[in-house]
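**Student:** Pasting a predicted model and its sequence here:
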Amino acid sequence: MPWKIASPVGERWRLVKALLRNEQSVNQWCRVFGVSRKTAYKWKARFMAHGRQALNNRSRRPRQNPRRLKAHWVRRIRSLRQKHPSWGPKKISAYFQQQGWQGPCERTIGRWLRRLKLNRPARRRPRKACVRIHPKLTLAKRPNHVWTVDFKGWFRTGNGERCEPLTVRDLFSRYGLLVRALPTQHMVPIKAVFTGLFREQGMPEVIRIDNGSPFASQGPAGLSQLSAWWMRLGIRVEFTRPACPQDNGAHEQFHRVMKKETAGPTARTRRGQQHRYTTWLWSYNHLRPHEALEQTAPAKWYRKSQRAYPSRLPEIRYPKNYQVRRVRSNGEIRWAGRKRFIGEAFIGHHVGLRQLRPGIYVIKFADLLIGHLHETDAGAMRPTLYRHGRQNRQKPKV
């Protein structure tokens, strides 16, 4: 014998049909179905008023809720989220406060984002051990104290053009100074970009870079032609540890947001991608609340540098006991009647030589030790190797 499945709605329908046939009294049918007279009359009245659909369970939700969020706030949340897909409840709430609106709290905004199906659950990553930045890195204490510079990974636009996004950011204010879509990582266009940036925003005190090209090299002190030019301008160059992107974590987070909001998918041309970068950077600096800045925009904290870009490249001054030599176009100097190779990074600059002991000379570029010259050596100088990171505490090795 098959099992008989009884549902509450089906039992109510049987009860109503029995009451409508009027074959027995209401009390008898109530005893058969195991319900009270009040329940029997309730289901009969509902059936007579609205039909069989009225026998289903009704929602206990109140018809009116005076504390429910107003419709215009829901529209504002929807429009702002659609305009800025990466903004979460914290940034939306901070934006409402910047506009002078007494908006809903963050939890309410998050709940409505889920109701409107506009939330994107973040991919959970396994937790890792906490990594501390090495104390040798400069702690930014004011605008233009430390600038961070890096290249976002290259990609191709819709028509196949190569795009190399160069990004510059002020570490203290989180202000994005520049995003430029370049075709290559060659020295000449990058130097032209920085020349225009220095003229517009002034010069920083420190520039923090990684150990990759074109900012660094395998030559003396790890300098390239670009970083040597920065030092000539009086800017201190600071390297992060090799293979340690966490040393420049704020800049990597900047890259993540930029890629999410401007490169999915990429533009058809590099010029179109540059237009996206320019529009997004203005929004990032002036509209987007930043959690590290108490949910305010970076433009509120940034001011232009007082260090103006010089009209002429300043000369490097060495003490009187130094012999000054100019590095030729092939990276060599003439010393003691012979040509000695110094490095391609110092082409066009002057280096200083000071006798350390008989037959051995110290070579400096500005205040940086770049190597030693030995009279007994026939070729190049012996370059100085600076080990960045934890090994910075050791003296440079020659």
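**Tutor:** That came through fine.

**Student:** Tell me which stretches of the stretch 101-250 of the chain form helices.
**Tutor:** In the stretch 101-250 of the chain, the helices defined using DSSP state H, counting those that start in this stretch lie at 106-115, 187-201, 225-232, 249-262.

**Student:** can you give me the angle the next helix-or-strand element following the last one makes with helix 249-262?
**Tutor:** Translated: helix 249-262. Toward the C-terminus, helix 249-262 is succeeded by helix 270-286 as the next helix or strand (DSSP states H and E). Interaxial angle of helix 270-286 relative to helix 249-262 (axes from the mean of the first three to the mean of the last three CA atoms, to 10 degrees): 120 degrees.

**Student:** Helix 270-286 packs against which elements?
**Tutor:** Packed against helix 270-286, as judged by 3 or more CB pairs under 8 Å, 6 or more residues apart in numbering; DSSP states H and E, are the following elements: strand 162-170, strand 176-182, helix 249-262. To be clear about C-beta, it is placed using only N, CA and C from the backbone, and glycine gets the same treatment.

**Student:** Strand 162-170 and that helix, what's the angle between them?
**Tutor:** 20 degrees.

**Student:** Output helix 270-286 in CSV with nothing but the alpha carbons.
**Tutor:** Extracted in CSV, the C-alpha atoms of helix 270-286 (Å, rounded to 0.1, in the frame of the first residue of the first chain):
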residue,chain,number,x,y,z
ARG,A,270,46.0,52.9,-26.3
ARG,A,271,44.6,56.4,-26.7
GLY,A,272,41.2,55.2,-25.5
GLN,A,273,42.8,53.4,-22.6
GLN,A,274,44.6,56.6,-21.6
HIS,A,275,41.2,58.4,-21.6
ARG,A,276,39.9,55.8,-19.2
TYR,A,277,42.9,56.3,-17.0
THR,A,278,42.6,60.1,-16.9
THR,A,279,38.8,59.9,-16.0
TRP,A,280,39.3,57.3,-13.4
LEU,A,281,42.3,59.0,-11.8
TRP,A,282,40.3,62.2,-11.2
SER,A,283,37.5,60.2,-9.6
TYR,A,284,40.0,58.3,-7.5
ASN,A,285,41.6,61.5,-6.2
HIS,A,286,38.5,63.7,-5.7
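
**Student:** so where is the stretch 251-398 of the chain shaky, pLDDT-wise?
**Tutor:** Counting by pLDDT under 70, the ranges of the stretch 251-398 of the chain that qualify are 385-398.

**Student:** nearest spatial neighbour of the most centrally placed residue in the chain, skipping sequence neighbours?
**Tutor:** With the centre of the chain defined as its mean C-alpha position, the nearest residue by CA atoms, centre = their mean is F254, 1.7 Å away. Sequence neighbours aside, R169 is the residue nearest to F254 in space, at 5.7 Å (criterion: CB to CB, 6 or more residues apart in numbering).

**Student:** burial count for the one you found?
**Tutor:** Here the number of neighbours of R169 (other CB atoms under 10 Å) works out to 24.

**Student:** so how far is R354 from Q201?
**Tutor:** Using CB to CB, to the nearest Å, one gets 37 Å for the distance from Q201 to R354.

**Student:** The two: which is more packed in?
**Tutor:** Applying other CB under 10 Å to Q201 and R354 shows that Q201 carries more neighbours, namely 22 against 13.

**Student:** Could you double-check that the more buried one lies in contact with S305?
**Tutor:** Yes. A contact is recorded between Q201 and S305 when judged using CB atoms under 8 Å, the distance being 6.1 Å.

**Student:** Need the overlap of contacts for the two.
**Tutor:** Residues touching both Q201 and S305 comprise N144, with contact defined as CB atoms under 8 Å, 6 or more residues apart in numbering.

**Student:** any idea how the chain splits into domains?
**Tutor:** According to automatic domain parsing, the chain is divided into the following domains: 8-55, 71-115, 146-300, 323-393.

**Student:** Point out the most buried one among these.
**Tutor:** Per-residue neighbour counts averaged over each of the domains of the chain give the maximum for domain 146-300, namely a mean of 18 (mean count of other CB atoms under 10 Å).
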